[in-house]
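**Q** Make a model of this:
(chains A and B)
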Amino acid sequence: MKCSECRELIDMYVDDELMPEELDAVRNHIASCEGCAAELQLAQGLSNQIRTNLARFNAPDVLKARIRSALVQPGAMDKVVGSRVAWWRAAAGGVTIAAISSVLTVAALNGRPESSVENEVMTSHVRSLMPGHLTDVASTNQHNVKPWFNGRVDLSPLVVGLDSAGFVLIGGRLDYVNFRPVPVVVYGRRQHGINVFSWPIPSQSVTTPHADRDHGYTLVNWQANGVESWVVSDLNRAELDQFVAHFRE
Amino acid sequence: MERMPDPAFTDDRAVVTSDRATIGRVVRALPPEFREVIVLRELEGLSYREISEVVGVPVGTVMSRLARGRKRLASALGFMRREVG
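**A** Okay, here's the model as predicted:
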């Protein structure tokens, strides 16, 4: 392989896009060519720098605009959402179209007598699925998410790492529920979002998690240690129960 | 982007280290079509084919935008990538 051919393939090498035979050819060449090896090192260095230093950069405006316009023209979404696209983008896309109609339904039902808190929590969950509403602080690290709430709300919420159980921490946001600012910790499982709301309550009452279905969403509610918690998701019931069990551990 | 390479980054062989603010600034300064593919590749970890689906352009265009975007980033950050004939 000539140096010029090798240089052509360096980006693909870094991006893990080479076919096995090309990969071998590049490796063989680099083993004996100092110049191309240095070039590869620079390309990898640049890629690593971007990846680590740009830990969370907002999705490009163009992409956001495209998602937004796709929402206005149902069907256009197929083009926006790829097969293995990050779950939040899927949430911002397919799910959202359904979600908007749910919001309208919820708004129309407004003030269901049994529990306005339940309605508020669910409306907030549905609203969170819209582009740009999911998280105020996006981080997969619990040590970044928890301090973010300091001084913003009167309760430092429970932020636990549940990666090993298959529930990925996405971030946190501030919402307004039950006449107060409330911390929301956001997790993801495949393309499903899980919102965890919590706020302090004056009583020390303890209740076991109670689940309800409403408009295709499951809401789980419990009280413990002077805190009321709500978990909302469109994830199936079995997996959501599993999430609640891990979260409460 | 007309930013001059930082004098601290003049070593053309060592892998240079840039701070978060600098990288954020140079990425933000990229034209949107380059920034888009860089973010999808580096941060979201999408493959060329997936980026092509998300952005709605052919894979070849994804590759050339990535290459051109990286070239601009490299020169702004002082990474000296060299061409060979």
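
**Q** neighbours around residue 33, how many?
**A** Unless you meant another one, I'm taking chain A. 16 (other C-beta atoms under 10 Å in any protein chain shown). Heads up, the C-betas are built off the backbone N, CA and C, glycines and all.

**Q** try chain B instead
**A** Using other C-beta under 10 Å, B:Glu33 has 15 neighbouring residues.

**Q** for A:Val145, same thing?
**A** 24.

**Q** do A:Gly35 as well
**A** A:Gly35 has 13 neighbours, counted by other C-beta under 10 Å.

**Q** Export stretch B:50-60 to CSV, keeping only CA atoms.
**A** Presented in CSV, the C-alpha positions along stretch B:50-60 are these (Å, rounded to 0.1, in the frame of the first residue of the first chain):
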residue,chain,number,x,y,z
GLU,B,50,-26.6,5.9,10.3
ILE,B,51,-25.4,9.5,9.9
SER,B,52,-26.5,9.3,6.2
GLU,B,53,-30.0,8.2,7.3
VAL,B,54,-30.3,10.9,10.0
VAL,B,55,-28.9,13.7,7.9
GLY,B,56,-30.5,12.5,4.6
VAL,B,57,-27.4,12.6,2.4
PRO,B,58,-25.4,9.8,0.7
VAL,B,59,-22.7,8.0,2.7
GLY,B,60,-20.0,9.5,0.4
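
**Q** Any idea what A:Ser229 is bridged to?
**A** Counting by DSSP bridges, A:Ser229 is bridged to A:Ser198, A:Trp222.

**Q** ok, now how distant is it from A:Pro200?
**A** Look at A:Ser229 and A:Pro200: by C-beta to C-beta, to the nearest Å, they are 11 Å apart.

**Q** helices or strands next to the biggest helix by length in chain B in the packing?
**A** Longest helix of chain B, by residue count under DSSP state H: helix B:59-77. Judged by 3 or more C-beta pairs under 8 Å, 6 or more residues apart in numbering or on different chains; DSSP states H and E, helix B:59-77 is in contact with helix A:3-14, helix A:34-53, helix B:20-28, helix B:32-38, helix B:48-55.

**Q** out of the ones you listed, nearest to B:Arg72?
**A** Evaluated with C-beta to C-beta, these place helix B:32-38 nearest to B:Arg72, the distance being 6.8 Å.

**Q** Would you mark the buried spots in the closest one?
**A** For helix B:32-38, burial by neighbour count (16 or more other C-beta atoms under 10 Å in any protein chain shown) applies to B:Phe34, B:Arg35, B:Glu36, B:Val37, B:Ile38.

**Q** Quick check, the second one in contact with B:Arg28.
**A** Yes. Because the distance of 7.3 Å satisfies C-beta atoms under 8 Å, B:Arg35 is recorded as touching B:Arg28.

**Q** still on that earlier bit, mind listing what's buried in the longest helix of chain B?
**A** For helix B:59-77, the neighbour count (16+ other C-beta under 10 Å) marks B:61-63, B:65-67, B:69-77 as buried.

**Q** Widest-spaced pair of the residues you listed?
**A** Between any two of the buried residues of helix B:59-77, the greatest separation by C-beta to C-beta is 24.0 Å, found for B:Thr61 and B:Leu77.

**Q** so where's the chain uncertain?
**A** If you meant another chain, say so; for now it's chain A. A:54-115, A:129-133 (pLDDT under 70).

**Q** right idea, wrong chain: chain B
**A** B:1-20, B:79-85.
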